Each structure stands twice: as structure tokens, then as C-alpha cells.
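Q: what's the 3D shape of this:
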Amino acid sequence: MKIGEKIQTADWKNEKHVPVLECPDKVNPGEWLEVRVGLSKAVEHPNTTEHHIRWIRVYFSPDDDKFTYDLGTFTFNAHGEHATGANAGPVHTRDQAVFQFKTMKSGTLHAVAYCNIHGLWESSKRLTV
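A: Below you'll find the predicted structure:
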């Protein structure tokens, strides 16, 4: 079995595990583009010691290019853990990130999120240059 067969997809408006990519649909060649990626836009995902999003990875696949490029990995390490017990800690991170990149070619952004209970989830967004 290939890893791609383990990645789940759905509509982020109804499924809390699907990452959401927010950025313009069109950009000028070589122009810096700000991308926001995260979960819990329409349906809140838990952020507890027992159930949380551990990371989101974002890739870009330019049209007519053999390779997909790794744009970034965003890890979320604090989920209320504490020496006195689960969810007793004072610190939580949220499953959201903002970054910038530029490209000379149109293509597709891909986001993959990992839930420690429900596995891998993917979404994508078309970007036109």
C-alpha cells in the first residue's frame, strides 16, 4: 500500500480535519504571495492532550514540472500537557500558520495535516500566475 492511499480528503466546511489554504487565486510572476493554512475554519478541531493536530505541511506542484516542492512544515507542540496531568497545562498552540512564497509558474498548492487520532488529511488549491 502506498502512503497516498492513507491520505483522506473531504470538504473542509463539513470535516474538521481538512486543512484550509487561504490565498489569492491569481498572482503575478515572482510576486511574494501570503498563504494562510490551518484547520477549524468552519468546524472546530479539538486541541487537547488526547486529540490534536500535530503538524501541517504545505507543498507546491508547478504545472508541467516533474517535482513537487516542499514549502514548509508547521508543528504545533503544546496541547495542554502538564506534569500534573493531561490538559492541566497553561499553554496550547493553535493549528494555524502564515507564510510567503513566490513562483514563476501556475500550479497547485497542497496541504497535508496530521491528527494524532484520525491520521492524514489533504486539501489543495489552484494558483494561477
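Q: what helix or strand is the spatially most central residue of the chain on?
A: What sits nearest the mean C-alpha location of the chain, by Cα atoms, centre = their mean, is residue 56, with 3.8 Å. Per DSSP states H and E, residue 56 falls inside strand 53-62.
Q: pull up the pairing partners for whichever helix or strand comes after that strand, direction included.
A: Next along the chain after strand 53-62, taking DSSP H and E as the criterion, comes strand 69-75. Sheet pairing of strand 69-75 (DSSP bridges) gives strand 53-62 (antiparallel).
Q: and the partner strand, how far out from the chain's middle?
A: In this view, strand 53-62 has its centroid 5 Å away from the chain centroid, taken as Cα atoms, centre = their mean, to the nearest Å.
Q: same deal with stretch 26-38?
A: Distance of stretch 26-38 from its chain centroid, counting by Cα atoms, centre = their mean, is 15 Å.
Q: give me the number of residues near residue 121?
A: For residue 121, the neighbour count with other Cβ atoms under 10 Å is 23. The C-beta positions use only the backbone N, C-alpha and C, and glycine is treated the same way.
Q: if anything else comes up later, I'll come back, but that's it for now.
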